[in-house]
Every structure is written in structure tokens, then in C-alpha cells.
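Asks: no FASTA, just this:
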């Protein structure tokens, strides 16, 4: 693979597909690949870093059997369980994050989908958030119906999060209670309701490099505009307990080729930043243009203030609304 030539071609408008030979991404020189990805990031996304924070709006007792997840009732992790949070608690957290200078705020809930009662609580919370905050609003509530997506949009939610997690081939190895196609249908329903989609996955679960490339292609085909890349942090009590953690070089390579495959999307650092030196600084020179910040769901995240300081020090822009 001629990385320099491919970089220029991507900037000039070429888009990679399943028909292309993507194997060169696996073994080309990492430094050259990351530098090319950074050029693509700078051309299509500029220096603004999109900062997103999340709140765990409902925790535990999830019916799904995702092998990596602390919240599944099939796993035994001792995670604290909680019902859907009161709207005032959610708004208070969002306002605090807004003061810290983030761009986006999301309520994330456990479960296949929300019950009717909890969905009404979510609509109330988003209505209040839309009334009291200037933050862009995102939601992550599982496999919703088309009608529910329309109601979320009416309540002021502009983005929906639904990870495809991995490749179609590998998906049945990590979850059997819903399918890869269920995920794809959810993404399409959100898009049909006028929402932008945030969808990515987890690396380090035992998948191959080809699986990671397949995931990158699938997200490109779905026209996803925000792609969170999580590096597995094995949680005791899950089937992934004891799995060897990824090396930083593998994470950076993945981020870089996701940028080549999805040049116009935000490639977003998510869980697993603790595996990266200086909380991921090198990733922002390898194609990353966004991050989840603040407290993560079940693993330690990065502090908003320290993230803003680090990003400012490397010349990135972190003021909301800043081009």
C-alpha cells in the first residue's frame, strides 16, 4: 500500500469500499498511516474536537447477553443497579457539563429497550434538557420503534447512539439475544426520523483485523457521522474477564484506518483511553477528532478539564460552537 498516494486520493474524493483491497492497512508502517490519517482529519474535520458527556440514566438488569457488558443480567459483576433517574438529576448534571464547555450530552440506559413508563420519563427529561440547556442532545436507549424515534426528535434529541459493536461475522460470538440486523434496523429508523447517528464498536474482544476493517466499511455504508471506538477493558464477572488488553499501537492503527474509511465522520475516543499514553494524546494525531469525556458508564473516564487542557496544548479547539 502506498499510504501517501492513498491519503491524497481520499482528500481528492476517493472513497474506499468492500471491493477494495484493504489488507494493506494491517501491516503498513504505523507512523506513516497515522500521519496520513491526521492529514485527512485536518482536511475534513479541522481542529475542532467534539466533546461529548454521558449520564447513566438507568443501570443494570439488562436482558441482553452481551459478553463484554457489566450491566447484563447474564453476567455477575456486582454493578450498582438504579431505576430511571429523575429529570432534575439529569438536568443538573447536564448544566454542570455545559459549564465545563462540552458540546453534547447523552442519556444512556441499560436494556433491550425502555419500558413505556421509562420512555415517558426519558421524553420528559429531554424536554427539560432542551428547555434549560444549549447542549446538543443525544440518546442511547436500545432498539426503539419508528414512532419512539419521532417522539425523541420532537423532544429535541438530534443524535442517536447505537453501536454495531463489531463485524457481522463476529457479532454472534458476543451477543445472541439480538442480532446485527436489529442494530442496522435501529440505525435506519433513527436516520429516517431525521436524527444523526453515533455508532461504532469495541475492539479487543477476540475479533480479527478483518473484522475491524469490516466494521469500518459497514459504518461508511450506513453514513454514520460519529464513530466511537472503544478498547475493551475486561470487567470481572463477564465472559471477557481475563482477556489480554490491547497494545496502544493496535488501537492507534484501528483509529487511523477508520479515518481512511470514514473521512468525513467524527472518529471518537471512548472507553479504554487508559490503555493509551497521556490519556490518548497520540490518537488525536492518528485520525481522532472527538472524544467522550467526563465519567464513563462502567469504567473510569477522563476529566473534562484535563481533556480540554491537553487538547488546547496540542493546538485543538474545544470551545462549543467553534468551527
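Replies: Sure, I can see it. It should be emphasised that the depicted structure is a prediction, and the values quoted were computed from it without experimental measurement.
Asks: residue closest to the middle of the chain?
Replies: Nearest to the centroid of the C-alpha atoms of the chain, with distances taken as Cα atoms, centre = their mean, sits residue 228, at 2.4 Å.
Asks: what comes into contact with the helix or strand containing that residue?
Replies: In this structure, residue 228 sits in strand 226-231 according to DSSP states H and E. Strand 226-231 is contacted from outside by 50, 159, 161, 163, 196-204, 219, 245-246, 251, 254-255, 258, 262, 265-273, 275-276, 290, 292, using Cβ atoms under 8 Å, 6 or more residues apart in numbering. C-beta coordinates here come from the backbone N, C-alpha and C atoms, glycine included.
Asks: before we move on, what about stretch 110-122?
Replies: With contact meaning Cβ under 8 Å, 6+ apart, stretch 110-122 is reached by 57-64, 71, 84, 87, 107, 109, 139, 141-144, 148, 152, 177-178.
Asks: Quick check: end-to-end length of that stretch?
Replies: Looking at stretch 110-122, the gap from its leading to its trailing residue is 13 Å under the measure Cα to Cα, to the nearest Å.
Asks: follow-up on the earlier one: model confidence over the strand holding residue 228, on average?
Replies: Summarised as a single mean, pLDDT over strand 226-231 is 97.
Asks: Name the next helix or strand downstream of it, please.
Replies: Next along the chain after strand 226-231, taking DSSP H and E as the criterion, comes helix 248-261.
Asks: how near is residue 4 to residue 28?
Replies: The span separating residue 4 from residue 28 equals 11 Å under the rule Cβ to Cβ, to the nearest Å.
Asks: out of those two, which sits in the busier spot?
Replies: Between residue 4 and residue 28, counted using other Cβ atoms under 10 Å, the more crowded position is residue 28 (18 against 12).
Asks: And the strands in the stretch 51-200 of the chain?
Replies: Secondary structure of the stretch 51-200 of the chain by DSSP state E, counting those that start in this stretch: the strands cover 104-109, 136-140, 159-161, 196-198.
Asks: can you list those in a markdown table and add mean neighbour count, distance to residue 43 and mean pLDDT?
Replies: Listed next are those as a markdown table, based on neighbours: other Cβ atoms under 10 Å; distance: least, Cβ to Cβ, whole Å; pLDDT from 0 to 100:
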| stretch | mean neighbour count | distance to residue 43 | mean pLDDT |
| --- | --- | --- | --- |
| strand 104-109 | 23 | 23 | 94 |
| strand 136-140 | 22 | 23 | 97 |
| strand 159-161 | 22 | 23 | 98 |
| strand 196-198 | 22 | 21 | 97 |
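Asks: Minimum distance to residue 240: which of the ones you listed has it?
Replies: Within these, the stretch nearest residue 240 is strand 104-109; the backing value is 19.4 Å (Cβ to Cβ).
Asks: which outside residues touch the closest one?
Replies: By Cβ under 8 Å, 6+ apart, the surrounding residues in contact with strand 104-109 are 50-58, 84, 90, 94, 97-98, 118, 122, 125-126, 129, 133, 135-142, 159, 161, 297.
Asks: In helices only, show me those.
Replies: Among the contacts of strand 104-109, DSSP state H puts 90, 94, 97-98, 118, 122, 125-126, 129 in helices.
Asks: Please, a ChimeraX command that selects the buried ones among the residues you listed?
Replies: To isolate in ChimeraX the members of those that are buried, counting by 16 or more other Cβ atoms under 10 Å, one can use:
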select :90,94,97,98,118,122,125,126,129
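Asks: Report the beta-bridge partners for the residue nearest to the centre of the chain.
Replies: Partner residues in beta bridges with residue 228: residue 268, with DSSP bridges as the criterion.
Asks: From residue 206, how far off is residue 234?
Replies: The gap separating residue 234 from residue 206 is 11 Å, by Cβ to Cβ.
Asks: Please spell out the segments of the stretch 151-300 of the chain that come in under the pLDDT threshold.
Replies: Within the stretch 151-300 of the chain, the segments meeting pLDDT under 70 span 295-300.
Asks: same thing but 50
Replies: Across the stretch 151-300 of the chain, the ranges flagged by pLDDT under 50 are 296-300.
Asks: Out of the ones in helices among the contacts of strand 104-109, the closest to residue 214 would be?
Replies: For the ones in helices among the contacts of strand 104-109, the minimum distance to residue 214 (Cβ to Cβ) is 32.3 Å, reached by residue 122.
Asks: what's the spacing between that closest one and residue 246?
Replies: Using Cβ to Cβ, one gets 34 Å for the distance from residue 122 to residue 246.
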